[in-house]
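>>> show me the folded form of this:
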Amino acid sequence: SRKAMVGIHQIWVHRTCRRMSIATQLVDAVRTKFIFGLVVPTRMVAFSSPTELGAAFARNYISENTDEEDVNVLVYDCIQSSFYR
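Okay, the predicted model is just below:
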């Protein structure tokens, strides 16, 4: 099993702005800025309980940024704290 270095809790792009690489640019920014001097490998990015569209984005993102044929997206469950209630 793989371990994640970074998790994407939520990502949302307005439907009129989708297919413009906005979500891709946001995740790329997280990967390059999360740890100074290190680009987090694509296969070490996890997504929290994605919707159907979110899962499709995650699969496409991982497959476009890796040489592996079998694309497995890391998914984690995020337990909301009382702060978010």
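>>> now the strands for this structure?
6-8, 45-48, 74-76 (DSSP state E).
>>> which stretch in those is the model least sure about?
Among the strands of the chain, strand 74-76 carries the lowest mean pLDDT, a mean of 90.
>>> in stretch 34-51, which residues are buried?
Of all the residues in stretch 34-51, those buried under the rule 16 or more other Cβ atoms under 10 Å are 40, 42-43, 45-48, 50. For every residue, glycine as well, the C-beta is placed using N, CA and C.
>>> and which of these is nearest to residue 57?
residue 50 (7.5 Å; Cβ to Cβ).
>>> state the distance from the closest residue in space to that closest one that isn't next to it in sequence to residue 37.
Among residues not flanking residue 50 along the chain, residue 58 sits closest, at 5.7 Å (Cβ to Cβ, 6 or more residues apart in numbering). Distance check for residue 58 against residue 37: by Cβ to Cβ, to the nearest Å, it reads 26 Å.
>>> now residue 17
32 Å.
>>> also residue 11?
In terms of Cβ to Cβ, residue 11 sits 24 Å off from residue 37.
>>> cool, and residue 53?
For residue 53 relative to residue 37 (Cβ to Cβ), the value is 33 Å.
>>> re earlier: pipe the strands of the chain into CSV and attach distance to residue 67 per row.
Shown next, in CSV, are those (distance: least, Cβ to Cβ, whole Å):
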stretch, distance to residue 67
strand 6-8, 20
strand 45-48, 16
strand 74-76, 17
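>>> and for residue 63, the neighbour number?
15 (other Cβ atoms under 10 Å).
>>> contacts only, for the residue lying closest to it once chain neighbours are set aside.
Counting by Cβ to Cβ, 6+ apart, residue 63 lies nearest to residue 71, which is 4.5 Å off, once chain neighbours are set aside. Taking Cβ atoms under 8 Å, 6 or more residues apart in numbering as the criterion, residue 71 is in contact with 59, 62-63.
>>> and residue 40, what are its phi and psi?
When read as degrees, to the nearest 10, the backbone of residue 40 gives phi -60, psi 130.
>>> I'd say it and residue 7 touch.
No: Residue 40 is beyond contact range of residue 7, at 10.5 Å (criterion: Cβ atoms under 8 Å).
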